[in-house]
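[1] generate a structure from the sequence data that follows.
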Amino acid sequence: VQLVESGGGLVQPGGSLRLACAASGRSRSTMATGWFRQAPGKEREFVAAISPRGDKKAYSDPVKGRFTLSRDNANQVVYVQMNSLKVEDSAVYYCAAAFGGSVHDAPREGSKYDTWGQGTQVVVSS
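    Down below sits the predicted model:
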């Protein structure tokens, strides 16, 4: 499976962006999809994840209530709508796919993901 992220860019604090993770080579219904981010000088951190069935979504505390996951099964795309962006949301955002777990799992651990995209840069600045 290949993952390609898009949608990053420069936005002012309080603004919004929608990131997309397009998958090819395998059905979304067989994989959990996670979003992670890494800011310069910091470790990679979990942002959000959706289970293979789409029935479970998990969000990290810093983004809960501001970020929303959705999935377009027909087009094999997972989106994360990011609202009320803050300077501290600036990072490279990566999507990742996990196989082999429960169809209801939305893993938070990066070690559970098998395939990663190249990342898309998000800069929140005035």
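[2] how about the contacts made by V4?
    By Cβ atoms under 8 Å, 6 or more residues apart in numbering, V4 lies in contact with 21-22, 24, 117-118. Using the backbone N, CA and C atoms, a C-beta is placed for each residue, glycine as well.
[3] can you select the buried ones among these for me in PyMOL?
    Per 16 or more other Cβ atoms under 10 Å, the buried members of the contacts of V4 correspond to this PyMOL selection:
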select buried, resi 21+22+117
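[4] point to the residue nearest the middle of the chain.
    W35 (2.4 Å; Cα atoms, centre = their mean).
[5] hmm, which two among the contacts of V4 are most spread apart?
    Across the contacts of V4, the longest distance by Cβ to Cβ is 13.7 Å; it joins S24 and Q118.
[6] flag the least confident of the contacts of V4.
    Among the contacts of V4, S24 has the lowest pLDDT, at 84.
[7] quick check: bridge partners of that one?
    Beta-bridge partners recorded for S24 (DSSP bridges): Q2.
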